[in-house]
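Chemist: Quick one: sequence plus predicted model below, questions after.
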Amino acid sequence: MIYWELFLAFFIPGIVGYGGGPASIPLVEYEVVTRYQWMTVEQFSEVLALGNALPGPIATKMAGYIGYEVGGVLGAVIGVFATVAPSLILMVVLLGILYKFKESPKVKRMTSLVRPTIAILLAVMTFRFLESSYLGAGVWHTLILLVLGFLFLEKWKVHPAFVILGGLGYGAIFLSF
């Protein structure tokens, strides 16, 4: 039963997560944290941070890690497969249809409606992470990380991987006590 739940937890976000890994992260969070309660929000945010620090697609890394934690090696394989399978199936079927009707006003309208929805889902997830960071680390650590992250990313154009590693280092030094 756990393997079927793992499959569904990653297959469903893979189907409805239009826009790739970042768009499906809030959906995976719902499945893992709220629906099946395999992790807390804090644990999920740590997995997300670790996944962002490693190279490769975020959704498959998270599926592999969470699948392994829940169901061992077979759970990791099922999680990764469930994450990739919808994309493969839908890409083959839908790309042919979308390419055929790419100039259709309905297709253009559909695409323009999906983008704001994804932005709202990402904003809600960001708010939840900020809230859990505030409650777990305190307002000063949260503000320091937010300001430094913004400066490094936007002002000094540091690669996001280095900013994530810096945040992990900050947490290891200042938040481990």
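Modeler: All right, it came through fine.
Chemist: Kindly provide the distance from Ala9 to Leu146.
Modeler: As judged by CB to CB, to the nearest Å, Ala9 and Leu146 stand 30 Å apart. No exception for glycine: its C-beta is placed from N, CA and C like everyone else's.
Chemist: need the contact list for the nearest residue to Pro57 once chain neighbours are set aside.
Modeler: Among residues not flanking Pro57 along the chain, Gly21 sits closest, at 5.2 Å (CB to CB, 6 or more residues apart in numbering). Gly21 sits next to 57-60 when contact means CB atoms under 8 Å, 6 or more residues apart in numbering.
Chemist: Ile120: neighbouring residues, count only.
Modeler: By the criterion of other CB atoms under 10 Å, Ile120 has 11 neighbours.
Chemist: Please apply the same query to Glu31.
Modeler: For Glu31, using other CB under 10 Å, the count is 21.
Chemist: again, but for Val124
Modeler: Neighbours around Val124, by other CB under 10 Å: 12.
Chemist: Surely it and Pro26 touch.
Modeler: Yes - using CB atoms under 8 Å, Val124 is in contact with Pro26, at 6.6 Å.
Chemist: quick one: stretch 101-121 to chain centroid distance?
Modeler: On the basis of CA atoms, centre = their mean, to the nearest Å, stretch 101-121 sits 21 Å off its chain's mean C-alpha point.
Chemist: And the contacts of it?
Modeler: Contacts of stretch 101-121 (CB under 8 Å, 6+ apart): 18-19, 23, 26-27, 98.
Chemist: any idea of the mean pLDDT in that stretch?
Modeler: Stretch 101-121 shows a mean pLDDT of 86.
Chemist: What ranges in this protein fall below the confidence cut-off?
Modeler: Where the chain drops to pLDDT under 70, the residues are 177.
Chemist: Counting residues, name the longest helix you see in this protein.
Modeler: In the chain, with assignment by DSSP state H, the single longest helix is helix 58-100.
Chemist: starting at the chain centroid, how far to that one?
Modeler: With CA atoms, centre = their mean, you get 13 Å for helix 58-100.
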